[in-house]
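Visitor: have a look at this fold, sequence not included:
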């Protein structure tokens, strides 16, 4: 069980992560993992992520009126994501957590660089049928090993020429399925315990509070500037995570 000081720190992280999600529509899992992994460890941070990520993303997935249309188009992607998440979590349980933590840092850097460099995956077009299982599988590997759902899934969704509302709903659907898959995988391999589940459930409140504040201030700030600050901060955190994990790895 976490100490009172750590619980307060975790709650503060989820307020911040919820705030970012409220402003830019994403970032809750990424921010929370980036700030919690160096303090708690990768497995514990991933376990605490489950409930607040699921609740906020289910709401996002159900909003937009295109849920069944998106499921019909993306079900192979989502199925591959589930399967590869399960197998990748098996590696997470037995692998050196410092190496996987470095992997999280690398994923964060790649995510930030893709935004800074405006990298876009070519429109899949007729190749979508065979790209769906590949991209879903790669996203599942990232989810199972590092707890992040964004690479390459979100870049792939952006290439599918979905309109803004469909893209946001597709992201919510992807994140929801990824969170459920991650939770089932961690639970099936004994990583989740009752204490972490209770803390995860409690973190829904600060996450929603942060989202509420983020939504309130969204119209009063420059969203482009906020996104720049968000990715710059995330890039710095990614470097910090890699350096810390490397130092710990050298001492083992």
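Guide: Yes, it's here. What you see is a predicted model; the values in this text were computed from it and never measured. Numbers count the residues shown, from 1 in each chain.
Visitor: for the residue lying closest to residue 174 once chain neighbours are set aside, give me the pLDDT.
Guide: Using Cβ to Cβ, 6 or more residues apart in numbering and skipping the chain neighbours, the partner closest in space to residue 174 is residue 153 (5.4 Å). (Each C-beta comes from the backbone N, C-alpha and C, glycine too.) Per-residue confidence (pLDDT) for residue 153: 89.
Visitor: distance of residue 153 from residue 35?
Guide: Distance, residue 153 to residue 35, by Cβ to Cβ, to the nearest Å: 22 Å.
Visitor: the more surrounded of the two?
Guide: Each of residue 153 and residue 35 has its neighbours counted (other Cβ atoms under 10 Å); residue 153 has more, 26 against 21.
Visitor: distance of that one from residue 227?
Guide: As for residue 153, its distance to residue 227 is 19 Å (criterion: Cβ to Cβ).
Visitor: what's around residue 131, how many residues?
Guide: The tally of other residues near residue 131 (other Cβ under 10 Å) stands at 18.
Visitor: isn't it up against residue 124?
Guide: Yes. When contacts are counted by Cβ atoms under 8 Å, residue 131 is listed as touching residue 124 (4.8 Å).
Visitor: where along the stretch 151-252 of the chain do the strands fall?
Guide: In the stretch 151-252 of the chain, no segments count as strands under DSSP state E, counting those that start in this stretch.
Visitor: what touches both of residue 131 and residue 124?
Guide: Taking Cβ atoms under 8 Å, 6 or more residues apart in numbering as the contact rule, residue 131 and residue 124 both touch residue 156.
Visitor: where does the prediction get shaky in the protein?
Guide: By pLDDT under 70, the low-scoring segments of the chain are 1, 249-252.
Visitor: let's see 50
Guide: Where the chain drops to pLDDT under 50, the residues are 252.
Visitor: ok, residue 40 - contacts?
Guide: 2, 6, 10, 48 are the contacts of residue 40 under Cβ under 8 Å, 6+ apart.
Visitor: farthest-apart pair in the residues you listed, please.
Guide: Largest separation among these by Cβ to Cβ: 6 and 48, giving 10.4 Å.
Visitor: between those two, which one's more packed in?
Guide: residue 48 (27 against 14).
Visitor: which residue is the nearest non-sequential neighbour of that one?
Guide: residue 200 (4.8 Å).
Visitor: thought the one you found was touching residue 45?
Guide: No. Residue 200 is not in contact with residue 45 according to Cβ under 8 Å; the separation is 10.4 Å.
Visitor: quick one: common contacting residues for those two?
Guide: Common contact partners of residue 200 and residue 45 (Cβ under 8 Å, 6+ apart): none.
Visitor: for residue 110, which residues are in contact?
Guide: Residue 110 makes contacts with residue 151, as judged by Cβ under 8 Å, 6+ apart.
Visitor: in the host helix or strand of it, what counts as buried?
Guide: Remark: residue 110 resides in helix 97-116, with elements defined by DSSP states H and E. Using 16 or more other Cβ atoms under 10 Å as the test for burial, helix 97-116 gives 97-98, 100-105, 107-112, 114.
Visitor: many thanks, have a good one.
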